[in-house]
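Sequence unavailable; structure follows:
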């Protein structure tokens, strides 16, 4: 899920569920956990939620750098 968020930037929950192939309730649990750990941000709109990595968290920057290094292999 984190790699998909890295690749997509921002993504709505429906598309994230499709990309991760997780059912909606499982995905919501993961989103809640990752949001509590401040690894992701959830932008709540009227009808939808947008998910993105929280680049204010230094751990996310480390993860981003790791993803970039792995893409170069």
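Now that the structure is in, tell me what you want to look at. It should be emphasised that the depicted structure is a prediction, and the values quoted were computed from it without experimental measurement.

can you pull out the strands in the protein?
Secondary structure of the chain (DSSP state E): strands located at 10-12, 40-44, 49-53.

okay, these in TSV with mean pLDDT, distance to residue 34 and mean neighbour count next?
For every residue, glycine as well, the C-beta is placed using N, CA and C. Listed next are those as TSV, based on pLDDT from 0 to 100; distance: least, C-beta to C-beta, whole Å; neighbours: other C-beta atoms under 10 Å:
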stretch	mean pLDDT	distance to residue 34	mean neighbour count
strand 10-12	95	13	16
strand 40-44	95	4	14
strand 49-53	95	9	18
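
Can I get those strands in JSON lines including distance to residue 19?
Below are these laid out as JSON lines (distance: least, C-beta to C-beta, whole Å):
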{"stretch": "strand 10-12", "distance to residue 19": "7"}
{"stretch": "strand 40-44", "distance to residue 19": "14"}
{"stretch": "strand 49-53", "distance to residue 19": "11"}
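
and residue 71, which of the ones you listed is closest to it?
Of all the strands of the chain, strand 49-53 sits nearest to residue 71, with 15.5 Å by C-beta to C-beta.

Give the other helices and strands that the closest one contacts.
Packed against strand 49-53 by the contact rule (3 or more C-beta pairs under 8 Å, 6 or more residues apart in numbering; DSSP states H and E) you find helix 2-8, strand 10-12, helix 13-20, strand 40-44, helix 58-71.

Please repeat the previous calculation with a cut-off of 10 Å.
helix 2-8, strand 10-12, helix 13-20, helix 24-36, strand 40-44, helix 58-71 (3 or more C-beta pairs under 10 Å, 6 or more residues apart in numbering; DSSP states H and E).
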